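Q: From the sequence below, what's the structure:
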Amino acid sequence: MSVQKQALVFASFGVSDRRAREASLDAAEALLAERFPAFAVFSCYTSNFIRKRLAGQGINIPSLPDLLASLAEQGYSRVLVQPSHLTPGEEFDGKVLKAVEEARTLFPEGILVGRPVFDSADDYQAVLAAILPELSLAAGEQLVLFGHGSPHHHNPVYERLQQVVDERHLPVHVGVLEPSDTPNLPMVISRLKQSGAQQVLLAPLLLAGGSHVTRDMAGDDESSWKSQLTAAGFTVRMKLQGLGEYLPFRELYAAKAKKALENSGWLK
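A: Next up, the predicted model:
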């Protein structure tokens with residue numbers, strides 16, 4: 001009797017910075033391998049740009065379609081794809097779901113997709129519970145979370161997170177990098193001024209700290225969030241670690257994968 005081959009694919013956008021990659025994406029992959037020993041764990045990046053950049057450094061990370069085709073050739077009969085993506089946005093819909101649908105006939109026992117971090121109403125509280133203890137505020141400080149946003153289609157997740165925070169009366173302000181999306185930095189600054197804040201802890205609402213963090217959030221250029229917040233009169237302290245560097249946040253991916261496996265009956 002042949003042994004059933006099962007694979008768990010951790011699909012992320014990707015990050016080119018080695019330290020950030022090891023501390024977040026690689027750490028999350030290792031946690032999934034620990035939690036699900038019956039599954040062989042693989043990783044892939046959905047960003048063609050980052051994969052090409054890493055290939056130039058001799059680091060070859062497959063795309064999701066290529067990895068799924070390889071797993072089928074290796075005889076894997078069932079696969080769970082767990083995305084690292086925070087929101088069910090363009091990258092998740094256009095690359096993860098699309099690749100899974102195109103590969104559905106390759107796996108006799110089926111292929112599943114876990115859900116992104118922000119998916120159900122309970123997820124917002126779970127994320128806050130995972131990250132707020134890691135972002136402890138000094139007396140008088142307020143927290144600004146620096147998210148990515150979407151350049152093409154507005155993603156309501158960030159506004160909903162702000163609503164959840166406000167309902168709990170927490171000194172937290174959520175913003176996104178994309179200036180055409182909302183809530184953007186001018187809106188965050190307006191909220192801070194209305195609150196009477198003078199001191200700010202600025203931290204990424206991103207899985208991995210890469211160039212967006214070091215340049216767009218924390219850079220010395222006048223366009224960075226640090227510089228704009230300072231110019232607006234706030235004293236700015238920063239935490240540069242991506243969310244994936246926090247074990248409680250990485251555990252959210254294990255919970256998402258477990259739920260998908262239990263719902264399918266693959267996890268007894």
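Q: what about the stretch 1-150 of the chain, any weak spots by pLDDT?
A: The stretch 1-150 of the chain contains residues with pLDDT under 70 at 1-3.
Q: If we use 50, what do you get?
A: By pLDDT under 50, the low-scoring segments of the stretch 1-150 of the chain are 1.
Q: now the strands for it?
A: 6-12, 40-45, 78-83, 110-113, 141-147 (DSSP state E, counting those that start in this stretch).
Q: got JSON lines for those, with mean neighbour count and distance to S63 too?
A: C-betas here are computed from N, CA, C, even on glycine. Shown next, in JSON lines, are those (neighbours: other Cβ atoms under 10 Å; distance: least, Cβ to Cβ, whole Å):
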{"stretch": "strand 6-12", "mean neighbour count": "25", "distance to S63": "9"}
{"stretch": "strand 40-45", "mean neighbour count": "21", "distance to S63": "6"}
{"stretch": "strand 78-83", "mean neighbour count": "25", "distance to S63": "12"}
{"stretch": "strand 110-113", "mean neighbour count": "18", "distance to S63": "16"}
{"stretch": "strand 141-147", "mean neighbour count": "22", "distance to S63": "25"}
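Q: would you turn the ones you listed into JSON lines with distance to P183?
A: Shown next, in JSON lines, are the strands of the stretch 1-150 of the chain (distance: least, Cβ to Cβ, whole Å):
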{"stretch": "strand 6-12", "distance to P183": "25"}
{"stretch": "strand 40-45", "distance to P183": "28"}
{"stretch": "strand 78-83", "distance to P183": "24"}
{"stretch": "strand 110-113", "distance to P183": "29"}
{"stretch": "strand 141-147", "distance to P183": "9"}
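Q: just so I know, which of those strands lies nearest G56?
A: Between G56 and the strands of the stretch 1-150 of the chain, the tightest spacing by Cβ to Cβ is seen for strand 40-45, at 14.0 Å.
Q: relative to strand 6-12, how tilted is that closest one?
A: Orientation note: strand 40-45 sits at an angle of 20 degrees relative to strand 6-12 (axes from the mean of the first three to the mean of the last three Cα atoms, to 10 degrees).
Q: Looking at the strands of the stretch 1-150 of the chain, spot the one closest to A23.
A: strand 6-12 (13.3 Å).
Q: partners of that closest one, with directions?
A: Next to strand 6-12 in the sheet, as set by DSSP bridges, lie strand 40-45 (parallel), strand 78-83 (parallel).
Q: Can you show me the CA trace of that strand as PDB?
A: Provided in PDB are the C-alpha atoms of strand 6-12 (Å, rounded to 0.1, in the frame of the first residue of the first chain):
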ATOM      1  CA  GLN A   6       0.700  15.500   1.500                       C
ATOM      2  CA  ALA A   7       2.200  18.900   1.000                       C
ATOM      3  CA  LEU A   8       1.600  22.300   2.800                       C
ATOM      4  CA  VAL A   9       2.600  25.300   0.700                       C
ATOM      5  CA  PHE A  10       3.300  28.600   2.500                       C
ATOM      6  CA  ALA A  11       2.700  31.100  -0.300                       C
ATOM      7  CA  SER A  12       3.800  34.700   0.400                       C
END
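Q: Just the residues contacting it, thanks.
A: Residues outside strand 6-12 that contact it (Cβ atoms under 8 Å, 6 or more residues apart in numbering): 25, 28-29, 32-33, 36, 38-46, 64, 67-68, 71, 76-85, 96, 207-208, 253, 257, 266.
Q: For the strands paired with strand 6-12, give me a markdown table that also has distance to L170.
A: Converted to a markdown table, these look like this (distance: least, Cβ to Cβ, whole Å):
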| stretch | distance to L170 |
| --- | --- |
| strand 40-45 | 33 |
| strand 78-83 | 27 |
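Q: if I pick the residue nearest to D123 when sequence neighbours are not counted, what's in contact with it?
A: Spatial nearest neighbour of D123, excluding adjacent residues (Cβ to Cβ, 6 or more residues apart in numbering): V117 at 6.4 Å. Contacts for V117 (Cβ under 8 Å, 6+ apart) come out as H85, L86, T87, D123, V127, L252, Y253, K256.
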